[in-house]
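A.B. asks: Got a sequence here, can you build the structure:
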Amino acid sequence: MKNIEEWIDRAENDDEKKFRQAIHLILLAVSRDKVLSQNLVIKGGIVLSLAYGSERYTTDLDLSALDNMEVLSKEELELKLGRQITAVVALSDYNLKLLVHSIKYMPKDPSKVKFPAYKAKIGYADSTNQNAIKRLDNKQSSKIIDLDISFNESVSVSDTENFKLTDRLNVLCYSLEQLVAEKYRSILQQVVRTRSRRQDVFDIHYLLNQEASLLYSNETKKTVLDKLIKCSERKGIEAYLNQSGMRDEEIKRLSLEDFHTLSLEIDIDIEVSPDDMYTVVQEYFESLPWNDLN
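C.D. replies: This next block holds a predicted model:
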């Protein structure tokens with residue numbers, strides 16, 4: 001795993017550096033609170049970037065909650081997050097101020113969906129810029145980090161590992177096997193959701209190259225498959241949970257749709273063609289121990 005200081009140092013300009021510093025402070029805030037640190041798990045592209053060095057990530061911070069909404073109410077989340085953000089900003093050497101702008105239910109009535117969420121907006125501003133600080137204090141900052149916190153996901157502590165922030169503070173993040181499993185689940189779910197996810201093939205291909213010695217072991221393949229089956233529960237993709245699932249033409253079409261637009265997100269040359277990437281990702285999927293499920 002990488003470390004967060006290295007991740008911040010990789011920023012290409014001052015705006016990106018401030019964004020990464022703001023992410024650092026938010027994660028520190030989570031790590032300082034007993035309830036939040038034991039409940040919230042970072043996932044998705046930000047984990048690939050933080051822990052595995054990928055240059056593809058979004059400006060959102062996606063998390064899964066291990067407990068349900070009754071355990072972590074919106075009011076408690078706002079109180080705890082706001083209090084800890086104030087503390088880490090006061091202790092930080094960064095020229096930044098952060099403020100929780102809002103926390104909302106997604107959807108407005110979470111009782112009507114299987115997988116409710118909170119969407120929190122956290123503003124940040126350069127503490128040396130008085131106009132920016134004034135807008136921040138009025139909750140009108142132009143610099144916003146969205147925290148999407150999902151509930152009722154099939155995730156437990158065994159699907160996580162610690163990402164070290166300091167000698168004493170950690171945050172939970174998806175394990176490598178859980179990351180890969182969730183990416184495959186997302187690929188298979190494209191048909192059900194009728195939307196394309198071209199980033200998932202890129203991300204799995206990246207991890208298969210970066211972490212080949214671990215991911216290609218038989219033990220890890222079994223773990224990836226077990227986690228894929230688990231995280232696919234209630235997702236409506238049973239028809240694709242088999243060795244030939246990724247041979248479905250519609251899944252492949254959606255996976256490669258608008259693939260060229262990734263170059264707008266990642267400032268690197270993609271040397272492997274999208275079709276070749278898909279082939280590598282499909283072959284790994286098919287090499288999982290499907291026969292052991294019978």
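A.B. asks: Just say helix, strand or coil for Ile103.
C.D. replies: Three-state call for Ile103 (DSSP: H, G, I helix; E, B strand; the rest coil): strand.
A.B. asks: Where do the helices of the stretch 1-150 of the chain begin and end?
C.D. replies: For the stretch 1-150 of the chain, the helices defined by DSSP state H, counting those that start in this stretch cover 4-9, 14-32, 34-37, 45-52, 74-91, 130-137.
A.B. asks: Let's have those in TSV, adding distance to His101 and mean pLDDT.
C.D. replies: No exception for glycine: its C-beta is placed from N, CA and C like everyone else's. TSV is the format used below for those (distance: least, C-beta to C-beta, whole Å; pLDDT from 0 to 100):
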stretch	distance to His101	mean pLDDT
helix 4-9	23	92
helix 14-32	13	96
helix 34-37	18	95
helix 45-52	19	90
helix 74-91	10	96
helix 130-137	9	96
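A.B. asks: TSV please, covering those and showing mean neighbour count and distance to Arg198.
C.D. replies: Compiled in TSV, those are given as follows (neighbours: other C-beta atoms under 10 Å; distance: least, C-beta to C-beta, whole Å):
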stretch	mean neighbour count	distance to Arg198
helix 4-9	14	24
helix 14-32	20	23
helix 34-37	16	32
helix 45-52	21	13
helix 74-91	16	32
helix 130-137	15	35
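A.B. asks: So for Lys183, which of those sits nearest?
C.D. replies: helix 45-52 (9.2 Å; C-beta to C-beta).
A.B. asks: how far off helix 14-32 does the closest one point, in degrees?
C.D. replies: 90 degrees (axes from the mean of the first three to the mean of the last three C-alpha atoms, to 10 degrees).
A.B. asks: ok so, going back, out of the helices of the stretch 1-150 of the chain, flag the one nearest Gly236.
C.D. replies: Of these, nearest to Gly236 by C-beta to C-beta is helix 45-52, at 23.7 Å.
A.B. asks: Using CSV, list the CA coordinates for the closest one.
C.D. replies: Coordinates of each C-alpha in helix 45-52 appear next as CSV, following Å, rounded to 0.1, in the frame of the first residue of the first chain:
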residue,chain,number,x,y,z
GLY,A,45,-11.6,5.0,-7.3
ILE,A,46,-10.2,6.9,-4.4
VAL,A,47,-8.9,3.7,-2.8
LEU,A,48,-7.2,2.7,-6.1
SER,A,49,-5.5,6.1,-6.2
LEU,A,50,-4.6,6.3,-2.5
ALA,A,51,-3.5,2.7,-1.9
TYR,A,52,-2.4,1.5,-5.4
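A.B. asks: Other residues contacting it?
C.D. replies: With C-beta atoms under 8 Å, 6 or more residues apart in numbering as the test, helix 45-52 has contacts from 1-2, 4, 7, 23, 42, 54-58, 60-62, 163, 173-174, 176, 179, 199, 203, 206-207, 210-211.
A.B. asks: quick one on the thing from earlier: need the helices of the stretch 1-150 of the chain in CSV with distance to Tyr284, can you?
C.D. replies: Below are those laid out as CSV (distance: least, C-beta to C-beta, whole Å):
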stretch, distance to Tyr284
helix 4-9, 26
helix 14-32, 30
helix 34-37, 33
helix 45-52, 16
helix 74-91, 37
helix 130-137, 45
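A.B. asks: Nearest to Gln282, out of these?
C.D. replies: Nearest to Gln282 among those is helix 45-52 (19.8 Å), distances taken as C-beta to C-beta.
A.B. asks: Dihedrals phi and psi, the most centrally placed residue in the chain?
C.D. replies: The residue lying closest to the centre of the chain (C-alpha atoms, centre = their mean) is Gly44, at 2.2 Å. Torsion angles at Gly44 (phi, psi; degrees, to the nearest 10) stand at phi 80, psi -160.
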